[in-house]
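Q: make a model of this:
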Amino acid sequence: MESQFIGTTRLQNPPPPRTQLTPLSIENKIVGWSSHPSVALKQHQINLTDGGTTQHPFSIFTDGSKTEKGAELLAAKEAVSYAASIDRTTNITIHIDNQASLHSISNPKSPNSIARQIFSILKDMPNISLTWIKAHVGYIGNEAADTLAKRATETGDPFPQVEIPKSYLKDLLKKRMMDRW
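A: Here you go, the predicted model:
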């Protein structure tokens, strides 16, 4: 299993048969800083305490409808891109129910390319803030986002193509190994 994983991720060998994966569709780890170490997000831009009870004049709620951080990050990126297109004077709060995503976004050395893209947008847009909210506790905006995300997965609507996390490939190889055993 480990040799297949290394062969696919590092050596760009073809993935195991009967998968729709290609070496180029697998996420590459990014190393180093996304910007100069002196450049950081403003303190108010990332809030890791439950911000669902606070009133915000302009709020966006996200949900990736997965426990997979990649889907949550993609939803956050779409929300941040939309918020950045509105204007620079309106304070906008984006509510995310996945703390791991917020930690990844706030880390300028994050190995995740989507998190780095979000960081890059946020550093130029101090009017946009991200706040964590508890999931499934009755916040109307979050419940609506959950419902819409579930509906999108059930209807088969096209979704953006994202790089597949290496953890997914590793889980797939482990499952195949256990099935053969």
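Q: using CSV, write out every CA atom in stretch 106-114.
A: Provided in CSV are the C-alpha atoms of stretch 106-114 (Å, rounded to 0.1, in the frame of the first residue of the first chain):
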residue,chain,number,x,y,z
SER,A,106,-5.1,31.4,9.3
ASN,A,107,-1.8,29.6,8.9
PRO,A,108,0.4,31.4,6.4
LYS,A,109,2.4,28.2,6.0
SER,A,110,-0.6,26.0,5.3
PRO,A,111,0.2,23.1,2.9
ASN,A,112,-3.3,23.4,1.4
SER,A,113,-3.5,25.5,-1.8
ILE,A,114,-7.2,26.5,-1.2
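Q: ok, for Asn47, nearest residue in space, not its chain neighbours?
A: Thr131 (4.0 Å; CB to CB, 6 or more residues apart in numbering). Backbone N, C-alpha and C define where each C-beta goes, glycine included.
Q: apologies, that question was intended for Ile86.
A: Using CB to CB, 6+ apart, the closest residue to Ile86 is Ile92 (6.8 Å).
Q: roughly how far does the spatially closest residue to Asn98 that is not a sequence neighbour sit from Arg176?
A: Distances taken as CB to CB, 6+ apart place Glu72 nearest to Asn98, at 4.1 Å, with adjacent residues excluded. Distance, Glu72 to Arg176, using CB to CB, to the nearest Å: 26 Å.
Q: what's the answer for Tyr139, then?
A: 40 Å.
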